[in-house]
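> dropping a prediction and its sequence here:
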Amino acid sequence: MSFKDPEPIFEHQELEWSKISNKSKAIKTLEWFEKQQNFKPFKYTAKGIKARQYVGVISLGGQLVQVLPKVFSSDRSLSGVEVPSGNSIKDNITGLMYLLKLTKKLKINEVDLAKLCKHTDSMLEVFIRLFADNLLELLQNDYRRNYVAQEDNLKFVKGKINFTKHLRNNYIDKSKFYCSYDEYESNILLNQLLKATVKKCISSTKSSFAILQKCDQLLTDVDDKRFTSPNICNRVKFTRLNQKYEYVFNLAKLLLFGNSPKLTTNDNHTFSIMFDMNTLFEEAIFEILDSNKSDFDITNIQAQSPQKEIFDKGSIAKFTMKPDIYIKKKDGLIMVLDTKYKLIEGIRSDYNSSQKQVSQGDVYQMFAYSKYYDAKRSILLYPQFEKSFDNEFGSKDIGFNLQISTIDLHLKVNDASYKDFIKSLKEKLQKILKEKMKNFSE
């Protein structure tokens, strides 16, 4: 994996073909992702390609493109065409890493995270440095070796004599013994995968080059192997003896194969580490609520459930309902909350407006949820980009109340810690869920 500095763009921003070194290869890569993985991170435009809601790094024909979220920086307008730079890159990389940590997509040490995100403009560099630092520490302090079963015809007895093979091989030469024994060695699959990752990353990093070189030297007695499928990783088993390696192994798997479960090649042309912001946003909100149930007076919370069939059992038509987040509070109040990771500039559903507004479909969906789950509160929650919204709408005739709110994910200062970020999210959610309580419960 030998990549030049990544070409940075924001989510939903266009990348012109003039910025791509090899247009035909890039198109072939996108076609491969779509055909083999049903993955469409970009859509075609007249001049190039436009990012969707996926963020991370992706190789387009060997050229690395870095797609950044924009919801964490101070300038969160999605209408501009500015090139990501300086603090806007660092803020958004830091914010993304915070979400990955919060949603348990990646186990990241908080101290390492704060240190790394301040000093690089590359998401890939962050992943590589996390891998390199943790691997070097393990190799220097707890180099992993396993007992491996071996058989050999030796001049001395080692382990146990395999009499069947001894008689077959040493019928004439009585000076040797065919033995079966366990050899304590480092040339095991776990170390082979780690070394393969070191080899792949070493030519793609500036800040971690020296560290990876040290790792490579410590792994000199491990065979160089090329792995083409992530399925090989399933053969690595973790116990209390090698549990320390699980974190760095997961990082290696990510860097070696990307985060696609169907990937069957480690070719640079089809490498990606990308995350769906729709999913991350939903899971982050759920995680805050679920891990602080007592503070939110919640007795039961479920994500994407309970799933209910709309029609009676036995019906030919199978349609189901499943809100993003189902909440039951201590007082018995049922709430449904749906997260929508998209820009809204207005509340009114005005088809003649050029503003991005709350869609009719989203409102109809929440109405259906409220009726089917007998929910007294329904909340549509969006990330805050340019404008903040916190509006309540109700209809006494049909008994439907809807709250439409935005939540600010902006990192207020460049050195905002992970704990501060989580604390701020919790406080903002408490305000959104509590301040309208009287109106909804009356």
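Happy to help now that I have it.

> quick one: low-confidence residue ranges for the stretch 251-400 of the chain.
Scanning the stretch 251-400 of the chain for pLDDT under 70 picks out 260-270, 305-321, 346-355.

> cutoff 90 now
For the stretch 251-400 of the chain, applying pLDDT under 90 flags the ranges 257-272, 303-324, 342-377, 385-400.

> and the helices in it, which stretches?
Under the criterion DSSP state H, counting those that start in this stretch, helices of the stretch 251-400 of the chain are mapped to 277-290, 360-372.

> what do you get for the stretch 101-250 of the chain?
110-118, 123-141, 163-169, 189-201, 209-218, 246-257.

> same for the fourth one, what does it pack against?
Translated: helix 189-201. Judged by 3 or more CB pairs under 8 Å, 6 or more residues apart in numbering; DSSP states H and E, helix 189-201 is in contact with helix 123-141, helix 209-218, helix 246-257. C-beta: built from backbone N, CA, C; applies to glycine.

> what does it contact?
1, 128, 131-132, 135, 144, 146, 208, 212, 215-216, 219, 222-227, 232-233, 235-236, 242, 245, 248-249, 252-253, 255-256, 266 (CB atoms under 8 Å, 6 or more residues apart in numbering).

> likewise for stretch 111-127?
By CB under 8 Å, 6+ apart, stretch 111-127 touches 3, 5-6, 8, 56-57, 64, 66, 68, 89-90, 93-94, 96-98, 101, 129-130, 133-134, 204-208, 251, 254-255, 273, 414-415, 417-418.

> gap between that stretch and the chain center?
16 Å (CA atoms, centre = their mean, to the nearest Å).

> now do the buried residues in that stretch.
For stretch 111-127, the neighbour count (16 or more other CB atoms under 10 Å) marks 113, 114, 116, 117, 120, 121, 122, 123, 124, 125, 126, 127 as buried.

> what sits closest to residue 142 if chain neighbours are left out?
residue 244 (6.0 Å; CB to CB, 6 or more residues apart in numbering).

> so the one you found sits against residue 141, correct?
No. If you go by CB atoms under 8 Å, residue 244 and residue 141 don't touch, sitting 9.0 Å apart.

> so the two - more neighbours on which side?
Per other CB atoms under 10 Å, whichever of residue 244 and residue 141 has more neighbours is residue 244, with 16 against 8.

> so which of the helices of the stretch 251-400 of the chain is nearest residue 431?
helix 277-290 (12.6 Å; CB to CB).

> show me what the closest one is packed up against.
Partner elements for helix 277-290 (3+ CB pairs under 8 Å, 6+ apart): helix 86-102, strand 298-303, strand 325-329, strand 334-339, helix 418-434.

> nearest to residue 153, of these?
helix 86-102 (52.4 Å).

> packing partners of the closest one?
Applying 3+ CB pairs under 8 Å, 6+ apart, we find helix 86-102 packed against strand 63-68, helix 110-118, helix 123-141, helix 277-290, helix 418-434.

> quickly compare those and say which is most buried.
Counting by mean count of other CB atoms under 10 Å, strand 63-68 has the highest mean neighbour count of the helices and strands packed on helix 86-102, with a mean of 24.

> give me the angle between that strand and helix 86-102.
80 degrees (axes from the mean of the first three to the mean of the last three CA atoms, to 10 degrees).

> by how many degrees do strand 63-68 and helix 123-141 diverge?
Orientation of strand 63-68 against helix 123-141 (the same axes, to 10 degrees) gives an angle of 100 degrees.

> mind listing residues that contact strand 63-68?
By CB under 8 Å, 6+ apart, strand 63-68 touches 3-11, 15, 20-22, 26, 41, 51, 54-59, 84, 88-89, 92-93, 96, 122-124, 274.

> report the contact partners of the nearest residue in space to residue 131 that is not next to it in sequence.
Excluding the flanking residues, the one nearest residue 131 by CB to CB, 6+ apart is residue 251, at 4.2 Å. Shown in contact with residue 251 (CB under 8 Å, 6+ apart): 106, 127, 130, 131, 134.

> look at the closest residue to the first one other than its chain neighbours and say how many residues are nearby.
When you say that, I think you mean residue 106. In this structure, residue 106 finds its nearest non-sequential neighbour in residue 100, 4.3 Å apart by CB to CB, 6+ apart. Neighbourhood size, residue 100 [other CB under 10 Å]: 18.

> so where's the stretch 51-200 of the chain uncertain?
By pLDDT under 90, the weakly predicted segments of the stretch 51-200 of the chain are 59-64, 70-94, 104-123, 126, 130, 134, 139-161, 163-164, 166-175, 179-189.

> show the contacting residues for the nearest residue to residue 283 once chain neighbours are set aside.
Nearest residue to residue 283 in three dimensions, chain neighbours excluded: residue 103, at 4.2 Å (CB to CB, 6+ apart). Residues in contact with residue 103 (CB under 8 Å, 6+ apart) are 280, 283, 284, 287.

> likewise for residue 132?
Contacts of residue 132 by CB under 8 Å, 6+ apart are 198, 201, 205, 208, 211, 212, 215.

> could I get those residues in TSV, plus columns for distance to residue 304 and neighbour count?
Listed next are those as TSV, based on distance: CB to CB, whole Å; neighbours: other CB atoms under 10 Å:
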residue	distance to residue 304	neighbour count
198	38	27
201	35	25
205	38	22
208	38	24
211	40	20
212	40	24
215	40	25
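
> between these, which sits nearest residue 433?
residue 208 (42.4 Å).
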